[in-house]
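Novice: Got a sequence here, can you model it:
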Amino acid sequence: MANETLNNAAPKAGKKERSYFFDTFRGILIWTIPISHFTMVGGHFSQSSLGGVVYITINVFVMQAFVFLSGYFSKRPQRARETAFKTFLFPYILLVPFFYGVRWLLYGNATMSWIDPPLALWYLVALFVYRFLLVDLVKSKYILQISIIIYLFAGLIPWLDGTLALGRMVSYFPFFMIGYFCTKEHIAKIQSLKTWHCVILAIVLVGINIALAFYRVVPVEFYLLRGPGANFGVPWYLDIIMRIVDFIIPCAWIVLMLNILPKGKNYLTYVGMNTMSVYILHLVVRQVIKKYDLPDANWVVYYISLFAAASLCVVIFSSPPVSKGYNWIFDFLYDKVYLNIKRFIKFVLGIETNRDKMLKEQAAAEAAAQAGEKAKAEPAAQAGASAEENPAKKE
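Specialist: Numbers count the residues shown, from 1 in each chain. Here you go, the predicted structure:
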């Protein structure tokens, strides 16, 4: 969910142009996440209801689409590895105790574990692993096919559960690789659907989601892909079948979104540039709603309250003061606190990392190259000076 850029048009003077379309895509995706979370904890959730339809619709494609976009913007694997810790794992390490404190204050008790990611923090763990290992994973010619096969059978492997978000990590990984291998040319082809194609596709997808909610083919928890379907009483063959369904549906939703979202700048564009602050901070509101429920005078009031609370979270948490403050806090803690502590410990222990050695070697190589260029330039300059002093000799 980081603020990323893409050259959709010819760059000017070597600069990248920001793609408003993909920011808009992220903006609509992040708007749905508070709706999903508040729907589940608002106090009156039922799978066979409007809330169930909304919840399933969001959870069968939104995080897959986010992971797809993250893969799409990870075209430089080495750079992805270099930024993975600061962007994802470092915030995760700090946010686990933060949300422990939030839950303790609200409920009077809580548990804290970095091994079992709480709330929606699994996404940070998964993105860290994807981006850190990408440079090695892409060396395999068949990594995409392998990721899909593992996804299909992940529900049959008991230890692919919530521990280190392994269940979700392998289940969303194919979408990351699809995004990585997707090019601008692929996107252009996908965006060639006609209006009537999009209308039919939208009707079909909504109809499928309504059927999934009311016919209860599998429990609603299955769509989170947190672990084996057997944990929810789903037989192994149905687990595989529903994983196939839960692979096709998000792909279809992504295709639809790529065709119907506006390409120009709009409010969602701005929201899409500030998704992480919304993603993290709305979880605090989620805990408050979970404790106190939403107003429920009748179903109209209930759903208006739900959508209003979600929208308010997006508007406030994506606003400049909040989003810039959020980014400043983590940048400060990383650059001024963590890095200085790391340097101090390395100094005390006399540790020199491979990166330190590499930087020294690069500096030495650059110095040697500059010295070589200087050595070559000096004789030429001396020869020129001699020629000027002795023009007759030059003639």
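Novice: What are the contacting residues of stretch 99-114?
Specialist: Residues from elsewhere that reach stretch 99-114 (CB atoms under 8 Å, 6 or more residues apart in numbering): 92-93, 96-97, 118-119, 121, 283-284, 287-288, 291. Heads up, the C-betas are built off the backbone N, CA and C, glycines and all.
Novice: what about residue 292, neighbour count?
Specialist: Residue 292 has 10 neighbours, counted by other CB atoms under 10 Å.
Novice: what's the pLDDT at it?
Specialist: Here the pLDDT value assigned to residue 292 is 93.
Novice: ok so, going back, next, give me the two most distant ones among the contacts of stretch 99-114.
Specialist: 93 and 291 (26.0 Å; CB to CB).
Novice: Pipe the contacts of stretch 99-114 into a markdown table and attach neighbour count and distance to residue 58 per row.
Specialist: What follows is these, written out as a markdown table (neighbours: other CB atoms under 10 Å; distance: CB to CB, whole Å):
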| residue | neighbour count | distance to residue 58 |
| --- | --- | --- |
| 92 | 19 | 23 |
| 93 | 13 | 28 |
| 96 | 19 | 25 |
| 97 | 11 | 28 |
| 118 | 19 | 20 |
| 119 | 17 | 16 |
| 121 | 22 | 18 |
| 283 | 21 | 16 |
| 284 | 16 | 20 |
| 287 | 19 | 19 |
| 288 | 13 | 20 |
| 291 | 11 | 22 |
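Novice: Tell me who's in contact with residue 85.
Specialist: Residue 85 touches 128, 132, counting by CB under 8 Å, 6+ apart.
Novice: Go again with 10 Å.
Specialist: 91-93, 128, 131-132, 334, 338 (CB atoms under 10 Å, 6 or more residues apart in numbering).
Novice: distance of it from residue 98?
Specialist: For residue 85, the distance to residue 98 (CB to CB, to the nearest Å) stands at 18 Å.
Novice: same thing with residue 136?
Specialist: Using CB to CB, residue 136 is found at 31 Å from residue 98.
Novice: Residue 19 now?
Specialist: Taking CB to CB, one finds residue 19 at 32 Å from residue 98.
Novice: the more surrounded of these two?
Specialist: Between residue 19 and residue 98, residue 19 has the larger neighbour count (other CB under 10 Å), namely 21 against 13.
Novice: pretty sure that one is in contact with residue 264, am I right?
Specialist: No. Taking CB atoms under 10 Å as the definition, residue 19 is not a contact partner of residue 264, at 11.2 Å.
Novice: how close does residue 335 get to residue 101?
Specialist: 24 Å.
Novice: and what of residue 293?
Specialist: Note on residue 293: its distance to residue 101, by CB to CB, is 22 Å.
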